[in-house]
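Q: Next one to model:
(chains A and B)
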Amino acid sequence: MASTKDAFEFQAFEEAGNLLEENRDAVTISIEDEGGKPKRAAAYSPGGNEEDPLTSDDRTELLSGQKKSVPFWTFEYYQQFFDIETHHVKERIIGSVRPWPVKNFIHVYLRRNPDLFGPFWICTTLVFAIAISGNISNFLVHLGKPNYKYTPEFRKVTIAATAIFSYAWLVPLALWGTLLWRNNKILSLVSYSFMEIVCVYGYSLAIYIPAVVLWILPYEWLRWCSIVGALCLSGSVLVMTFWPAVRDDHPKVMISILSTIALLNVLLAVGCKAYFFSKPEPALEAEISTAAQAIKATSST
Amino acid sequence: MASAEEASRPFAGLSDVSISEDIPVEGDISVPMSSSRRDDEFSTLDEPVKETILRDLRAVGNKFIHVLYPKRSSALLRDWDLWGPLLLCVTLALLLQGGAADSDDQGGPQFAEVFVIIWFGSIIITLNSKLLGGTISFFQSLCVLGYCIMPLTAAMAVCRIVLVGGSGTVSFAVRLVVVTASFGWSTFASTAFLADSQPPNRKALVVYPVFLFYFVIGWMILTFSPSQ
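A: Got it, this is the predicted structure:
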């Protein structure tokens, strides 16, 4: 009788008890919610538990019971990335423009639930915002000039779409590949999935929508102030998110990865401003228009 | 005891039920309605073509009226059709032609661009609504989004008429008011149909793409400038 009791004795309870003692914040199963999600709110303490992410992430992944592996060609696979509500989206957008207190966007806001709704619709809105604002600003710059004929310039929508969507998808792909490659060489405690990186990049573009609307006004100082402000906010969110993933690495690699992230962000912002928003140059415009009139006069005679 | 015996009597003979093989099983599988349905098919084959076309046109026109007065009716959802959206899309794309799109590359939208924006945009919004767990079906949603373009098409026709009179600031102000009103009407009409199919904590997530879609179409209408 004693031997059978030993064979059936559950070892798991002891482990859980030991771990509970050393870490009060770890996720535990509760028998009541057998089929439900584990209580996520207790699992993450934003702002300091840098050693915990691995243990708590592993536990939630193993114990959550909702990470079914559905093949990626079914509809349900994509439905799991739209499992969010309105207030989640609001919180994530606000969190992406507010880099204080110092926190990791993925840990605090995504919490293992990356969504594709935010990145996709933020990118789409940004594309149309750039095209429309560029159009309005061109119109305002040339307002009152007799030679200007207003054109809606719909070609620019496709160019803006290509630029924004390739930034929002190809750069996360490259970054994810780089992190995966470095993880093989250096065991890092923190690793992000591809969808989480896409999500961070998508939400980090949210600050550019009001910035782009501000660029309608044809004042250079205003444009440069807003671009610098937006760059600082979104760049800092990105850098602070990827800092835990690369800080265990060789310092040169870490600096190069972080500076590439910031540099691509800057390139996108400045490139959009330069291409879609023309600078008001009154002296040059007057010269060109008088020269054109002179040429017309000589050709008609 | 007697009742128990009575209760067990229906089941008493079950133990030795067997179907003898030489009992022929025969019958007549005929649906009693079939004769009248066959009459119907023949009657629609015999009817004049004008009648067939008018029936479909009347259905489309009925749905237009439902868009004009967007109550919570289910007519658009129950008998969806894509004729109305096609008509509206072609009309809008044709009206957007003849603008400042001569040979200039930076002109207005081409016919194909308007088509692609409307249909591709509707498909994306429908996919978004279904991914968020909506109960509306794919084609029903396409039908609703297509029919709710009607106020914007009417606004485009009004804008072209206003532009005949001149393209100064007054005409721009009038066009702005008309396009804004019709954009609001379109968004309100489509959300009256679509928002019911979503749980309340996701309604805004479904309504925002619809808002963006009609905003872009309204922008295309507002920036239409005729060629001089």
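Q: neighbours of A:Ser191, just the number please.
A: For A:Ser191, the neighbour count with other C-beta atoms under 10 Å in any protein chain shown is 17. In short, each C-beta sits where N, CA and C put it, glycine included.
Q: what about it, which SS state?
A: Counting by DSSP: H, G, I helix; E, B strand; the rest coil, the backbone at A:Ser191 sits in coil.
Q: Could you tell me the per-residue confidence at it?
A: At A:Ser191, the model reports a pLDDT of 76.
Q: That one against A:Asn183, yeah?
A: Yes: the pair A:Ser191 / A:Asn183 is scored as a contact, 5.8 Å apart, by C-beta atoms under 8 Å.
Q: Stretch B:194-212 and chain A, any residue contact?
A: Yes: contact between stretch B:194-212 and chain A, assessed by C-beta under 8 Å from any C-beta of the partner chain, occurs at B:Asn201, B:Arg202, B:Lys203, B:Ala204, B:Leu205, B:Tyr208, B:Pro209, B:Leu212.
Q: So which bits of that stretch are buried?
A: In terms of neighbour count (16 or more other C-beta atoms under 10 Å in any protein chain shown), stretch B:194-212 has its buried residues at B:194-195, B:197-198, B:202-212.
Q: Equivalent analysis for stretch A:201-217, please.
A: Within stretch A:201-217, the residues scored as buried using 16+ other C-beta under 10 Å are A:201-209, A:211-212, A:214-216.
Q: Quick one: low-confidence residue ranges for chain B.
A: Counting by pLDDT under 70, chain B contains low-confidence residues at B:1-20, B:31-43, B:70-76, B:99-108, B:227-228.
Q: related to what we said a few turns ago, which ones among the buried residues of stretch B:194-212 map onto helices?
A: Residues of these located in helices (DSSP state H): B:Leu194, B:Lys203, B:Ala204, B:Leu205, B:Val206, B:Val207, B:Tyr208, B:Pro209, B:Val210, B:Phe211, B:Leu212.
Q: I figured B:Leu212 was touching A:Thr125, is that so?
A: Yes: counting by C-beta under 8 Å, A:Thr125 is a contact partner of B:Leu212 at 6.3 Å.
Q: Assign a three-state SS to the residue most central in space within chain B, would you?
A: By C-alpha atoms, centre = their mean, the mean C-alpha position of chain B lies nearest to B:Cys143, the distance being 1.3 Å. Recorded secondary structure, B:Cys143: helix (three-state DSSP).
Q: where does the stretch 101-250 of chain A have low pLDDT?
A: Scanning the stretch 101-250 of chain A for pLDDT under 70 picks out A:101-102, A:110, A:146-148, A:188-189.
Q: and A:Phe276, how many residues sit next to it?
A: For A:Phe276, the count of nearby residues is 22 (other C-beta under 10 Å).
Q: Could I get the pLDDT score of it?
A: 82.
Q: how close does the closest residue to it other than its chain neighbours sit to A:Val141?
A: Leaving aside its sequence neighbours, A:Phe276 sits nearest to A:Gly134 (C-beta to C-beta, 6 or more residues apart in numbering or on different chains; 3.4 Å). Separation of A:Gly134 from A:Val141 (C-beta to C-beta, to the nearest Å): 11 Å.
Q: Looking at the two, which one has more neighbours?
A: Neighbour count, other C-beta under 10 Å: between A:Gly134 and A:Val141, A:Gly134 has more, with 23 against 18.
Q: Using the three-state scheme, assign the more buried one.
A: Three-state call for A:Gly134 (three-state DSSP): helix.
Q: which of the residues of stretch B:194-212 next to chain A sit farthest apart?
A: Maximum pairwise distance among these (C-beta to C-beta): 20.3 Å, between B:Asn201 and B:Leu212.
Q: list the contacts for the closest residue to B:Met150 other than its chain neighbours?
A: Using C-beta to C-beta, 6+ apart and skipping residues adjacent in sequence, the residue nearest B:Met150 is B:Val67, 5.2 Å away. Going by C-beta atoms under 8 Å, 6 or more residues apart in numbering or on different chains, B:Val67 touches B:Leu76, B:Tyr147, B:Cys148, B:Met150, B:Pro151, B:Ala189.
Q: Looking at those residues, which two lie furthest apart in space?
A: Across these, the longest distance by C-beta to C-beta is 14.4 Å; it joins B:Leu76 and B:Pro151.
Q: and A:Pro251, what pLDDT?
A: 82.
Q: where's it relative to A:Ile257, distance?
A: Distance, A:Pro251 to A:Ile257, by C-beta to C-beta: 11 Å.
Q: Now the helix or strand where A:Ala160 lies: buried residues?
A: Assessed by DSSP states H and E, A:Ala160 sits inside helix A:155-185. For helix A:155-185, burial by neighbour count (16+ other C-beta under 10 Å) applies to A:156-157, A:159-161, A:163-165, A:167-169, A:171-172, A:175-176, A:179, A:182.
Q: again with stretch B:214-228
A: Across stretch B:214-228, burial judged by 16+ other C-beta under 10 Å covers B:Tyr214, B:Phe215, B:Val216, B:Ile217, B:Gly218, B:Trp219, B:Met220, B:Ile221, B:Leu222, B:Thr223, B:Phe224, B:Ser225.
Q: That stretch near chain A at all?
A: Yes: using C-beta under 8 Å from any C-beta, stretch B:214-228 comes into contact with chain A via B:Phe215, B:Val216, B:Trp219, B:Met220, B:Thr223, B:Phe224, B:Ser225, B:Gln228.
Q: what's the closest of the residues you listed to chain A?
A: B:Thr223 (4.2 Å; C-beta to the nearest C-beta).
Q: Can you give me the separation between that closest one and A:Lys156?
A: Counting by C-beta to C-beta, the gap from B:Thr223 to A:Lys156 is 12 Å.
Q: Would you mind grabbing the residues shared as contacts by these two?
A: Applying C-beta under 8 Å, 6+ apart, one finds that B:Thr223 and A:Lys156 are jointly contacted by A:Asn135.
Q: Fine, thanks again, bye for now.
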